[in-house]
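Chemist: need the 3D shape of this:
(chains A, B, C and D)
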Protein chains: 2
Amino acid sequence: MNGPTVHDVAKTAQVSLATVDRVLNNRGGVSKKAEEKVKAAVAQTGYVRNLAAANLSRRRVYRFCFIVPSGDTGFVALLLAALERERSRLVEEQILIQIIPTNAFDVAGQVAALRDLECDAVAIMASEAREVQDEVSRLRAAGVRVVTLVADLPQSDREAYIGLDNVAAGRTAAEFMGRFLGDSGEILMIAGSLSARDHNERLMGFRRVMQERFQHLTLLPAVEGNDDAKTVEQLVSEAAAARPLVGIYAIGAGNRGLVRAVKNAETKPVTIVHELTPTSRQGLRDGTIDLVLDQDTSAAVVAAVRIMRDLTERREQSVDTGKIRLNIYSRENI
Amino acid sequence: MNGPTVHDVAKTAQVSLATVDRVLNNRGGVSKKAEEKVKAAVAQTGYVRNLAAANLSRRRVYRFCFIVPSGDTGFVALLLAALERERSRLVEEQILIQIIPTNAFDVAGQVAALRDLECDAVAIMASEAREVQDEVSRLRAAGVRVVTLVADLPQSDREAYIGLDNVAAGRTAAEFMGRFLGDSGEILMIAGSLSARDHNERLMGFRRVMQERFQHLTLLPAVEGNDDAKTVEQLVSEAAAARPLVGIYAIGAGNRGLVRAVKNAETKPVTIVHELTPTSRQGLRDGTIDLVLDQDTSAAVVAAVRIMRDLTERREQSVDTGKIRLNIYSRENI
DNA sequence: ATAAAATTGATTGACGTACCTCAAATTTAA
DNA sequence: TTAAATTTGAGGTACGTCAATCAATTTTAT
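Modeler: Numbering: from 1, shown residues only, chains lettered A, B, ... in the order given. All right, here's what the predicted structure looks like:
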């Protein structure tokens, strides 16, 4: 009924408990022969370490940090809420999560947050700056497992990325945009920042598919909305006033402004945005927004914790890829 | 550093360990006053039970059963593979999963499988038959937690459903079908079985949106493909020969046959199918299939285990809804 | 053969919780 | 007031693993 224990292994290997322990936790000082015997016994009995007992014995507590931009609206708010929801169930399993909010544009602040960290693993959603990457390297060297969340730092020493494949997301957006739009016309792409990697990757994927398959549609030069509703509203209004827009691909935040501008536009463009927030949900419902490409925040948090645990346990192959699935919401499946 | 224990609670409540234990595990025989003191101490210290220690002490092993149709191809194969992959990591956490394959059409066999079950929770993917539901009720009454997987039994006593919202899936399929097809024309809907609830729900959602929003498109009467490639191929070929099809919504399995038939058809219909299998993936790649609506099997397995654990631990509100997200794959994001 | 080194066994005490017993203290009922 | 019932405390054992000590045994080098 209950699986074999170290005692059973010792018995079938015909060695003492101490020797089994020495082999299992490779403490050294064991002869080749004895080691073989123990390993054979493990295989024979099908012994699997009881993780709970092991962690209890060594008083292990998993300490995970999440470094995310502060913010009480939109996507980040969803992420924080998901983290908060997970917290209580995680405490019972000896997983303590600490959430460290940082200013989204303050690189120095992010570095500072990383500097005095006391934990087993960190999930960071930060700027792709040299200083941040260096700090990641330092953490890794200090034995801290590091993963990136939502925004990747591919040049750094991070061990996993939990979030979208942003190039694929951009390609998907283009695919749908192209199929929704039979006729020719002009499309506006509005990013949060043209220097942010994730936004750039989405742009890249979008452009490529458009060029490959929908050449009858014209792409206007991408503009920067700074993830700010006011700016976005103004940019979209201006663009729509200058010419009839048939499509808008909004890559960053600030959908509140986008929705306002689209409502005031003379012709209704096909509008594709990112992240399912209350604003974009409402936009879908009232027809202002046609498609929302979303990365599920709960799934991201759950996946992040799982992967961080696997990493701290040195489990090599995790079932989780870290790739958060791209969820596509239309009016019909919100 | 390390959280408060029962000892700390006893100390701050100024009662003995035994009393704390009696309160925490409500064994009765405690005065109102003492109970209050203990509860206050719990709140004050922020005590949270160490689940691992508790389970170790009572020698708890979670035993979960998965009752799924046997099959080594297509969707079920993916599901089984995902289960197999999870197994090893779960063993370490004292979660034993047993996979019980049943014949998809053999109700008696499914009931038999449910009858002599020895576990804490079951996830079943079974027929919606009276006998199965009764067996679920019996299990629930015997204290076994029951969840349904992929195919729901909403009339039964199951406590959660892990899988798609099939009506929403059908609606989504229709939404895309309608938008992809500007012109009028005839659409073929092919289900596995017209009496299977999940297939029926997809049909229902599909029909409703078509009727509400895309009346220029004509729906042919739904046909039954029995989840069998040969049958599907024949049905589609016949339908396509009789008239030009502009769209096909394939609800069940048998996509191998569908792909063959579509390739031989004179006009290429917009084709939407369910489940991302090697076949449908290839279909997407070569352009035979336009869209795949998929429920991720790994995610389903992970969610199922999580929910089953929450249920056996009597955790009321789980973060998991059990609703597996509908992933939409086009050529651009496979 | 002897000393030194390496290996092994036996044992013990945590870790935090569950569960049990038995005696002591307190409250309630008669 | 006494007896009975209830409540409380003290203590122990167990779960499976880790980590350590110390003595005993074996192997290796000299």
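Chemist: the helices in the stretch 151-300 of chain A, which residues?
Modeler: A:166-180, A:197-213, A:229-242, A:255-264, A:278-286, A:297-312 (DSSP state H, counting those that start in this stretch).
Chemist: can you tell which of these is closest to DNA strand D?
Modeler: Across the helices of the stretch 151-300 of chain A, DNA strand D has its closest neighbour in helix A:297-312 (14.1 Å, C-beta to the nearest atom of the strand). Yep, even glycine has a C-beta here, placed from its N, CA and C like the rest.
Chemist: can you give me the angle the closest one makes with helix B:297-312?
Modeler: Angle of helix A:297-312 versus helix B:297-312, following axes from the mean of the first three to the mean of the last three C-alpha atoms, to 10 degrees, is 90 degrees.
Chemist: is any residue of helix A:297-312 near DNA strand D?
Modeler: No. In terms of C-beta under 7 Å from any atom of the strand, no part of helix A:297-312 sits within range of DNA strand D; the closest distance is 14.1 Å.
Chemist: would you indicate which residues of that helix are buried?
Modeler: Buried residues in helix A:297-312, counted by 16 or more other C-beta atoms under 10 Å in any protein chain shown: A:297-312.
Chemist: now stretch A:220-234
Modeler: Applying 16+ other C-beta under 10 Å to stretch A:220-234 flags A:220, A:222-229, A:231-233 as buried.
Chemist: quick check: the farthest pair among those residues?
Modeler: A:220 and A:229 (20.4 Å; C-beta to C-beta).
Chemist: before we move on, the earlier item: between the buried residues of helix A:297-312, which is nearest residue A:201?
Modeler: Using C-beta to C-beta, residue A:300 comes nearest to residue A:201 of the buried residues of helix A:297-312, at 17.1 Å.
Chemist: now for that closest one: which residues touch it?
Modeler: A:79, A:82, A:149-150, A:162-163, A:324 (C-beta atoms under 8 Å, 6 or more residues apart in numbering or on different chains).
Chemist: can you tell me, leaving aside adjacent residues, what's nearest to residue A:96?
Modeler: residue A:63 (5.2 Å; C-beta to C-beta, 6 or more residues apart in numbering or on different chains).
Chemist: state the distance from that neighbour to DNA strand D.
Modeler: Separation of residue A:63 from DNA strand D (C-beta to the nearest atom of the strand, to the nearest Å) stands at 17 Å.
Chemist: is that residue within a helix or a strand, and which one?
Modeler: Applying DSSP states H and E as the criterion places residue A:63 in strand A:62-69.
Chemist: low pLDDT regions in chain A?
Modeler: For chain A, residues meeting the criterion pLDDT under 70 lie at A:1, A:316-321.
Chemist: where along it do the strands fall?
Modeler: A:62-69, A:95-102, A:121-124, A:145-149, A:160-162, A:185-191, A:217-219, A:223-224, A:245-250, A:270-274, A:291-295, A:326-329 (DSSP state E).
Chemist: between the second one and helix A:297-312, how many degrees?
Modeler: Pointing back at strand A:95-102 there. Between strand A:95-102 and helix A:297-312, the angle comes out at 120 degrees (the same axes, to 10 degrees).
Chemist: near chain B, which residues of the stretch 51-200 of chain A show up?
Modeler: Residues of the stretch 51-200 of chain A lying close to chain B by C-beta under 8 Å from any C-beta of the partner chain are A:51-53, A:55-56, A:59, A:61, A:82, A:85-86, A:89, A:91-94, A:165, A:168-169, A:171-172, A:174-176, A:179-180, A:182.
Chemist: how near is whatever residue of the stretch 51-200 of chain A ends up closest to DNA strand D to residue A:90?
Modeler: In the stretch 51-200 of chain A, the residue that lies nearest DNA strand D is residue A:57 (2.9 Å; C-beta to the nearest atom of the strand). Going from residue A:57 to residue A:90 by C-beta to C-beta, to the nearest Å gives 21 Å.
Chemist: swap in residue A:263?
Modeler: Where residue A:90 is concerned, residue A:263 sits at a distance of 42 Å (C-beta to C-beta).
Chemist: can you pick out the residue with more neighbours from these two?
Modeler: residue A:90 (18 against 12; other C-beta atoms under 10 Å in any protein chain shown).
Chemist: contacts only, for residue A:42.
Modeler: Contacts of residue A:42 by C-beta under 8 Å, 6+ apart are A:9, A:24.
Chemist: please redo it, this time with the cut-off set to 7 Å
Modeler: By C-beta atoms under 7 Å, 6 or more residues apart in numbering or on different chains, the contact list for residue A:42 reads residue A:9.
Chemist: what's residue A:158 sitting at in phi/psi?
Modeler: phi -60, psi 150 (degrees, to the nearest 10).
Chemist: around chain B, pick out the residues from the stretch 201-334 of chain A.
Modeler: A:209, A:296, A:298, A:315, A:319, A:325-328, A:330-333 (C-beta under 7 Å from any C-beta of the partner chain).
Chemist: can you pick out the most distant pair from the residues you listed?
Modeler: Spatially, the most separated pair among those is A:315 and A:331, at 41.4 Å (C-beta to C-beta).
Chemist: quick check: longest helix in chain A by residues?
Modeler: helix A:74-92 (DSSP state H).
Chemist: tell me what that helix is packed against?
Modeler: When contacts are defined as 3 or more C-beta pairs under 7 Å, 6 or more residues apart in numbering or on different chains; DSSP states H and E, helix A:74-92 packs onto strand A:62-69, strand A:95-102, helix A:297-312.
Chemist: direction-wise, compare the first one with strand A:145-149 and give the angle.
Modeler: Relative orientation of strand A:62-69 versus strand A:145-149 (the same axes, to 10 degrees): 40 degrees.
Chemist: strand A:62-69 to helix A:74-92, inter-axis angle?
Modeler: Going by the same axes, to 10 degrees, strand A:62-69 makes 170 degrees with helix A:74-92.
Chemist: do the last one as well
Modeler: For the pair helix A:297-312 and helix A:74-92, the angle between their directions (the same axes, to 10 degrees) equals 50 degrees.
Chemist: any idea what residue A:273 is bridged to?
Modeler: residue A:250, residue A:292 (DSSP bridges).
Chemist: count of neighbours near it?
Modeler: Residues near residue A:273, counting by other C-beta under 10 Å, number 30.
Chemist: test my guess that it contacts residue A:289.
Modeler: Yes. If you go by C-beta atoms under 7 Å, residue A:273 and residue A:289 touch, sitting 5.6 Å apart.
Chemist: which single residue of chain A ends up nearest chain B?
Modeler: Here the residue of chain A nearest chain B is residue A:52; by C-beta to the nearest C-beta that distance is 3.5 Å.
Chemist: tell me which residues touch that residue, please.
Modeler: B:52, B:55-56, B:94.
Chemist: tally of neighbours for residue A:296?
Modeler: 18.
Chemist: return the residues in contact with it.
Modeler: Counted by C-beta under 7 Å, 6+ apart, residue A:296 has contacts A:324, A:327, B:325.
Chemist: what's the answer for residue A:327, then?
Modeler: Residue A:327 touches A:294, A:296, B:325, B:327, counting by C-beta under 7 Å, 6+ apart.
Chemist: spell out which residues of chain A are next to DNA strand D.
Modeler: A:2, A:5-7, A:17-18, A:21, A:24-25, A:47, A:49-50, A:53-54, A:56-58.
Chemist: ok, now with 10 Å
Modeler: Proximity of chain A to DNA strand D, by C-beta under 10 Å from any atom of the strand, involves residues A:1-10, A:16-27, A:29, A:31-33, A:47-60.
Chemist: just the buried ones from these?
Modeler: A:4-6, A:8-10, A:19-20, A:22-24, A:47, A:50-53, A:55-56, A:60.
Chemist: of these, list those near DNA strand C.
Modeler: Checking those against DNA strand C (C-beta under 10 Å from any atom of the strand), the matches are A:10, A:19-20, A:22-23, A:52-53, A:55-56, A:60.
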